[in-house]
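A.B. asks: no sequence for this one, just the structure:
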């Protein structure tokens, strides 16, 4: 049996999801220069929101998504105002440890509230699949990838054509110059962080019908997002998309073509991080000064 | 009494107590001491790297390597207790050297991410090489070689005391100033005639060897190892909480923090131990509060207590250095 078409389809569908995950994460990192180690927990919270709304009221994850996104935006904004804003100029170590601690707290609140059990949402389309020739396309992943692409396109359009979007890009490029141009840099930080959180919960809603939902699902996803950002380098959306697909193809390739590959695929992200950090520490698409 | 003198005496008394507990303490006290000592070792080890400006998010990697080298050398080659600890340290030192050489140019966040990647990469390897490591099912230590609980407890106590002495020794030498300079600005430190790469490799080797020692002792204590135990994120977390809580970059900080963290852990275990996840939740809250409100930890609090007024706050290197983007 020829694995190639199936391999390509799986990689592309996964790549779309990874793009959403990485761009959500990179938005906050690129603008505030703080790695948000709690981003994975936002993905987890989004997935739980989708799960509870689905099991409690039978609401389809895609229907509740806008509401969940608004909620995620609000939470991100609050988190920024309450904690992150205080360490904006602190040494790196304080920033890393603070977001790490916030992630830990969110994760274990989830453990206490909802236990460590694995769950998943099962809307009808998640259980069906399309077959073309030998290849098998699960509708759930197709829908997920479609939503992800749509959200990423919306974000790019916003960054490109709106006043606020331009301000975000200006701050990401040079926050001092942006201040001189009369941009409210702190406001833009808060906005980017909140939007990043909103995209995080959106990622969570999408993956809730693709992978199992547990309180611990966030950290591995965070590491993948970090890997993609490191592969891509700072400040390049094209780079982010390429990075996401590189990771998706590498992981799927491992799973298909290497014996016991699905186990090793977990390590692909780490190998990529290490390799890129050695060869090109500023990423494939970043410039050396970033 | 001057605080420095007080701390020195307190440290001495503590060291004697820690060394005496395996002989005279009750089993539960010995158990608590054992866990506190291994925590103190990784806290000191983490603080050493932090002191040179290297933020580690991968101390579980060193710990895990130490554990695996110890258990595998004992099981496959019949290596007895003490030599296996040395092999464990050697393994950690080698991983440390590799990490430092590979990440030669990286600083700050990028170094931290690389350490995280290292530790997770090692975990995946441990899961995926079952012929060597026992894989996800884990491996039991060959019980014929077990030297008795007393020996393991003594090894942990001695390790903690020696690690503290080592960090005290480093703080008395010129290396201390070299590391401080590197932490403040690695490029500028180069102009002072410091060879950052050399210092970086040596401190990561020492730090890695120390953390691996703690891992190696722990595997003899527990007698069982699987990748989840060996490369537990919890270890990384505790290795950083203790120095932050006690006072980062200071000599007594990691030890004060270890005592506080051990106390907090014990209280939660007794009162709320039945609720899953509650202890890690509390540690997370503690870490966040420390970073936000007590950036110099308990040591900073003590200093403030003893020097209530006068003296403008010293301009130290925790002042943010904004780099142009």
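C.D. replies: Perfect, I can see it now. Please read these numbers as outputs of a predicted model, since none were measured by experiment. Numbering: from 1, shown residues only, chains lettered A, B, ... in the order given.

A.B. asks: residue contacts, residue A:203?
C.D. replies: Residues counted as contacts of residue A:203 (C-beta atoms under 8 Å, 6 or more residues apart in numbering or on different chains) are A:17, A:20, A:21, A:24, A:43, A:46, A:148, A:221. Backbone N, C-alpha and C define where each C-beta goes, glycine included.

A.B. asks: what's the burial count for the fifth one?
C.D. replies: With neighbours defined by other C-beta atoms under 10 Å in any protein chain shown, the count for residue A:43 comes to 32.

A.B. asks: re the thing from before, let's have the contacts of residue A:203 in a markdown table, adding distance to residue B:11.
C.D. replies: Putting the contacts of residue A:203 into a markdown table (distance: C-beta to C-beta, whole Å) gives the following:
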| residue | distance to residue B:11 |
| --- | --- |
| A:17 | 53 |
| A:20 | 52 |
| A:21 | 48 |
| A:24 | 47 |
| A:43 | 45 |
| A:46 | 48 |
| A:148 | 56 |
| A:221 | 43 |
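
A.B. asks: of these, closest to chain B?
C.D. replies: residue A:221 (12.8 Å; C-beta to the nearest C-beta).

A.B. asks: what about that closest one, neighbour count?
C.D. replies: Neighbours around residue A:221, by other C-beta under 10 Å: 26.

A.B. asks: tell me the helices in chain A, going along the chain?
C.D. replies: A:4-32, A:39-57, A:61-82, A:92-114, A:124-127, A:139-161, A:163-173, A:175-180, A:185-207, A:218-232, A:237-257, A:261-279 (DSSP state H).

A.B. asks: which one of the ones you listed lies closest to residue B:232?
C.D. replies: With C-beta to C-beta, the closest approach to residue B:232 among the helices of chain A belongs to helix A:218-232: 12.3 Å.

A.B. asks: Give me the buried positions along the helix or strand harbouring residue B:159.
C.D. replies: Under the criterion of DSSP states H and E, residue B:159 resides in helix B:149-172. Within helix B:149-172, the residues scored as buried using 16 or more other C-beta atoms under 10 Å in any protein chain shown are B:152-161, B:163-164, B:167, B:170.

A.B. asks: that older thread, let me have the contacts of residue A:203 in CSV, extended by pLDDT and distance to chain B.
C.D. replies: Shown next, in CSV, are these (pLDDT from 0 to 100; distance: C-beta to the nearest C-beta, whole Å):
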residue, pLDDT, distance to chain B
A:17, 89, 20
A:20, 90, 21
A:21, 89, 16
A:24, 88, 18
A:43, 92, 17
A:46, 91, 20
A:148, 89, 24
A:221, 87, 13
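
A.B. asks: from these, which is closest to residue A:163?
C.D. replies: Checking those one by one against residue A:163 (C-beta to C-beta), the nearest turns out to be residue A:24, at 21.6 Å.

A.B. asks: The closest one reaches residue A:206, doesn't it?
C.D. replies: No - using C-beta atoms under 8 Å, residue A:24 is not in contact with residue A:206; the gap is 11.0 Å.

A.B. asks: Mind telling me which of the helices of chain A the model trusts least?
C.D. replies: For the helices of chain A, mean pLDDT drops lowest on helix A:124-127, to a mean of 71.

A.B. asks: Give me the distance between residue B:134 and residue B:141.
C.D. replies: Distance of residue B:134 to residue B:141, given as C-beta to C-beta, to the nearest Å: 11 Å.

A.B. asks: Please enumerate the shared neighbours of the two.
C.D. replies: The overlap between the contact sets of residue B:134 and residue B:141 (C-beta under 8 Å, 6+ apart) consists of residue B:225.

A.B. asks: are any of the contacts of residue A:203 buried, and which?
C.D. replies: For those, a neighbour count by 16+ other C-beta under 10 Å gives the buried set as A:17, A:20, A:21, A:24, A:43, A:46, A:148, A:221.

A.B. asks: what residues are up against the fifth one?
C.D. replies: Going back to what we said before, that points to residue A:43. A:21, A:200, A:201, A:203, A:204, A:207, A:217, A:218, A:221, A:222.

A.B. asks: Closest to chain B out of these?
C.D. replies: Among these, and counting by C-beta to the nearest C-beta, the member closest to chain B is residue A:222, at 9.7 Å.

A.B. asks: With adjacent residues omitted, what lies nearest to the closest one?
C.D. replies: Distances taken as C-beta to C-beta, 6 or more residues apart in numbering or on different chains put residue A:40 closest to residue A:222, at 3.2 Å, once the chain neighbours are dropped.

A.B. asks: Counting neighbours, what do you get for the one you found?
C.D. replies: There are 28 residues near residue A:40, going by other C-beta under 10 Å.

A.B. asks: how much space between it and residue A:17?
C.D. replies: For residue A:40 relative to residue A:17 (C-beta to C-beta), the value is 14 Å.

A.B. asks: Residue B:107 now?
C.D. replies: Residue B:107 is 32 Å from residue A:17, by C-beta to C-beta.

A.B. asks: How about residue B:234?
C.D. replies: On the measure of C-beta to C-beta, residue B:234 and residue A:17 end up 29 Å apart.

A.B. asks: need the contact list for residue B:283.
C.D. replies: A:104, B:237, B:238, B:241, B:261, B:264, B:265.

A.B. asks: Distance of it relative to residue B:290?
C.D. replies: As judged by C-beta to C-beta, residue B:283 and residue B:290 stand 10 Å apart.

A.B. asks: quick revisit: other residues contacting the helix holding residue B:159?
C.D. replies: Helix B:149-172 is contacted from outside by B:11, B:15, B:18-19, B:21-23, B:30, B:33-34, B:36-38, B:40-41, B:44-45, B:47-48, B:81-82, B:85, B:176, B:179, B:206, B:210, B:213-214, B:217, B:220-221, B:251, B:254-255, using C-beta under 8 Å, 6+ apart.
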